[in-house]
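Student: Attaching a predicted model along with its sequence, questions to come.
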Amino acid sequence: MRGKIHSKTKNRFKNTIRGVIKGFSRKVLVYKNPIKNECKNCYFDKLTGRSTGRCRWTIEEVEAKNDSTMYKWFVKGRCPICNGKGYLEVKRKVWTSCLVTWEPNMRFDNAITYTPAGVEGATLVQLKTDPKHYTLFKDCVSIVVDGLECKLSKPPILRGLGNQSVLLVVAFTTEKLGMDSDEIIKGY
């Protein structure tokens, strides 16, 4: 007997789980590592990782180029293009569909509790998604779930039957949800 679970059963399980994830999923914003390009207006110091505060161009060269948006001459100090960073940063973001569970360790209620004292709980979030997003979540900077910025608490995990079923991502947040006007406050 080769395997205990037949391949049809594995495929049926995989398709069912993916159907559940697709049906109950919400859009989640994932911020990837930004692209950093060296500033063309000032010199970059590789030792400190910042701008040297010296312009690459003379005022005559800037006037000859006639491009005031990309090249701005300055005497000394902070570069007006990169604000002294030495590089220009391009943020990259991707929307994915995930099954979202706030506070997965709580058994009965996984929502945020609104009390007269304020908002409590729900700082841990568990996301279930397609395994094809493994490298996206592994290399991400942050995740925005329900308007809250979250950080990964541990690397993503592949779970389920077969070699690929569900990608499990656990993240946490220190932010709190804003109060809505239609919320129900518990009376203690």
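Tutor: All right, it came through fine. Numbers count the residues shown, from 1 in each chain.
Student: domain assignment for the protein?
Tutor: As assigned by automatic domain parsing, the chain contains the domains 7-33+92-172, 40-85.
Student: could those be laid out in a markdown table, adding mean neighbour count?
Tutor: For the C-beta atoms, the positions are set from N, CA and C on the backbone; glycine is no exception. Below are the domains of the chain laid out as a markdown table (neighbours: other Cβ atoms under 10 Å):
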| stretch | mean neighbour count |
| --- | --- |
| domain 7-33+92-172 | 15 |
| domain 40-85 | 14 |
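Student: Take these and write them to CSV, including mean pLDDT.
Tutor: What follows is the domains of the chain, written out as CSV (pLDDT from 0 to 100):
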stretch, mean pLDDT
domain 7-33+92-172, 81
domain 40-85, 75
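Student: Span of stretch 33-52 from start to end?
Tutor: One end of stretch 33-52 sits 24 Å from the other (Cα to Cα, to the nearest Å).
Student: Oh, that last question was meant for stretch 137-157, not what I typed.
Tutor: Start-to-end, stretch 137-157 (Cα to Cα) is 10 Å.
Student: Quick one: list the elements packing against the helix or strand hosting residue 13.
Tutor: Following DSSP states H and E, one finds residue 13 within helix 7-24. When contacts are defined as 3 or more Cβ pairs under 8 Å, 6 or more residues apart in numbering; DSSP states H and E, helix 7-24 sits against strand 87-102.
Student: got the angle between the strand it packs on and helix 7-24?
Tutor: Per axes from the mean of the first three to the mean of the last three Cα atoms, to 10 degrees, the angle that strand 87-102 makes with helix 7-24 is 100 degrees.
Student: Just give the strands next to strand 87-102 in its sheet, each with its orientation.
Tutor: Strand pairing for strand 87-102, using DSSP bridges, gives strand 26-38 (antiparallel), strand 124-129 (antiparallel).
Student: Cool, thanks, signing off.
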